[in-house]
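> Here you go, sequence then predicted model.
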Amino acid sequence: MTTNHIQATPAYCAAFHPNDHFLAVGRGDRKLYVRDVVNDKMVAVLGPHRGVVTSVAFSNDGKLIASGSNDHFVRLWKLDKKGKPDEKSAVWLGEHFARVTALAFSHDCKMLASGDSAGCLTVWKLGNEKPYKRIEGREPISCVRFSPPGDVLVVGHVRPFKSAGAFIWKLDEDKEAHRAKCEVDCPLSLTVSPKGRAILVGSKDGLKVWDMIDDKLAGSVADEDVVGAVEFNDSGSVAATAAVDGSVRIWDGERGIQLGPAMADPGSLVNGLAVAARSQLVAAVCQSGRVAVYYPRLSGPPG
């Protein structure tokens, strides 16, 4: 089953609330839209930023939402017990030096990490608007995750058509612990598993699975696709890919097995994906302004 939401402005990023009902979508009109996709109604419109909204994340306890933009800023809002944002609670966090491309909350919800297109990783202690740590890099950051127990960051980076890789950073020691260079031809997108073991690289030759610890290719699937977007859910149990022809596939994140048939929508360039934490809901956000929410293996939306 597929549900479609269409607006005139391009959609660039998305994230599911831990309740699996609310979906936040960042758009080209500089606003963040929070929608109840199960009951098909708008919950809140947040912003605006001073530029396009390019990244979004919910905290694990469902009490906070963060958005990043090409205005170089991160904004933070509180959520009530039902998950609805308090629009008056907005906080501006200090400025990045480039477009904010990735966001992640720590598991204890006390820190927020943000990465940008210049390769700078910033860690914030929530309640303090000044950066706790800044880690300078050279490659555009595509994703960032806190790995359990929460003092380790896993950071993925990709320079389209040129290079891709990831590194592990130990916050308590303030140093890099490991780095992997994904030797994949023409990489287009990248994400890392929450546990920091697997790296998914979308490329012109399909989806490549890279073993981060051993730094070697572990597998290749969907070789007939040009994969432009990839994403895991928060547990790493489910992954999603989108090809440049608009087709979306859902995968068992641990076994690499495709779950159900591909869901095709020719002509829709997918800018980003979101995978729900507990269910198999997948959202694809498109340049056309369309947001498609897929319910694979289900007869309808979860209750």
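Thanks, I have it.
> Span of stretch 80-97 from start to end?
The first residue of stretch 80-97 is 32 Å away from its last residue (CA to CA, to the nearest Å).
> can you list the residues that contact it?
Applying CB atoms under 8 Å, 6 or more residues apart in numbering, the set of residues contacting stretch 80-97 from outside is 17, 19, 21-22, 34, 43-44, 46, 62, 65, 68, 72-79, 112, 114, 116, 118, 120, 122, 124, 129-131. All C-beta atoms are positioned from the backbone trio N, CA, C, and that covers glycine.
> Got a quick ChimeraX command for the buried subset of those residues?
Provided next is the ChimeraX selection string for whichever of these are buried by 16 or more other CB atoms under 10 Å:
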select :17,21,22,34,43,44,46,62,65,68,72,73,74,75,76,77,79,112,114,116,118,120,122,124,131
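> Out of the contacts of stretch 80-97, which sit inside strands?
Of those, the ones assigned to strands by DSSP state E are 22, 34, 43-44, 46, 65, 68, 74-78, 112, 114, 116, 122, 124, 131.
> Show the contacting residues for the nearest residue to Cys186 once chain neighbours are set aside.
Spatial nearest neighbour of Cys186, chain neighbours left out: Lys204 (4.2 Å); criterion: CB to CB, 6 or more residues apart in numbering. Neighbouring residues of Lys204 by CB under 8 Å, 6+ apart: 185-186, 188, 226.
> Just the buried residues of the residues you listed.
Buried residues within the contacts of Lys204, counting neighbours by 16+ other CB under 10 Å: Leu188.
> okay, the contacts of Lys204 in a markdown table with distance to His178 and secondary structure next?
As requested, the contacts of Lys204 are exported to a markdown table (distance: CB to CB, whole Å; DSSP: H, G, I helix; E, B strand; the rest coil):
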| residue | distance to His178 | secondary structure |
| --- | --- | --- |
| Asp185 | 23 | coil |
| Cys186 | 25 | coil |
| Leu188 | 24 | strand |
| Val226 | 30 | coil |
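> between the contacts of Lys204, which is nearest Lys216?
Nearest to Lys216 among the contacts of Lys204: Asp185, at 15.4 Å, using CB to CB.
> Quick one: residues contacting the closest one.
Asp185 is in contact with 203-205, counting by CB under 8 Å, 6+ apart.
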